[in-house]
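Visitor: missing the sequence, but the structure's below:
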């Protein structure tokens, strides 16, 4: 019987594209994301784990990939616009594009410890 190693688990591209965490605008954009709330849950969308990727280009073009807690979310059509409106005015941001994805689907394990605590899961 062959043993499964971590190497075999890491085949293929990651499910979630990595963020530009080393970019000087990253922390400022994260704070802007934290200003957007799901109206049904008293926690911001960043700590809920709904922001999958913050990709910041050299010219200040920002690509955000996000999901929602469920495909039938009543604000599905509006929340990407709320996020763009929160990030676009930031100094150094030239443009914002928000992409909505369902892959991978959101799960409660994606929430930050702060979100879990706020919602009584810790």
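Guide: Cool, got the structure. Just so we're clear, the structure is a prediction, and the values are computed from it rather than from any experiment.
Visitor: for residue 44, what are phi and psi?
Guide: Here is the backbone geometry of residue 44 (degrees, to the nearest 10): phi -70, psi 160.
Visitor: from residue 28, how far off is the nearest residue to it once chain neighbours are set aside?
Guide: On the basis of C-beta to C-beta, 6 or more residues apart in numbering, the spatially nearest residue to residue 44 that is not a chain neighbour turns out to be residue 34, at 4.4 Å. Yep, even glycine has a C-beta here, placed from its N, CA and C like the rest. Distance of residue 34 to residue 28, computed by C-beta to C-beta, to the nearest Å: 11 Å.
Visitor: and residue 45, by the same measure?
Guide: Taking C-beta to C-beta as the criterion, residue 45 is separated from residue 28 by 16 Å.
Visitor: tell me which of the two has more neighbours.
Guide: Under the criterion of other C-beta atoms under 10 Å, the comparison of residue 45 against residue 28 puts residue 45 first, with 24 against 15.
Visitor: next helix or strand past the worst-scoring helix or strand of the chain on mean pLDDT?
Guide: For the chain, the helix or strand with the lowest mean confidence is helix 6-9, at a mean of 43 (criterion: mean pLDDT, DSSP states H and E). The C-terminal neighbour of helix 6-9 among helices and strands, as given by DSSP states H and E, is helix 26-33.
Visitor: per-residue confidence averaged over that following helix?
Guide: Helix 26-33 comes out with an average pLDDT of 97.
Visitor: how about that helix: buried residues?
Guide: Judged by neighbour count using 16 or more other C-beta atoms under 10 Å, the buried positions of helix 26-33 are 29-30, 32-33.
Visitor: what's near enough to touch the residue nearest to residue 44?
Guide: Contact analysis of residue 34 by C-beta atoms under 8 Å, 6 or more residues apart in numbering lists 44-47.
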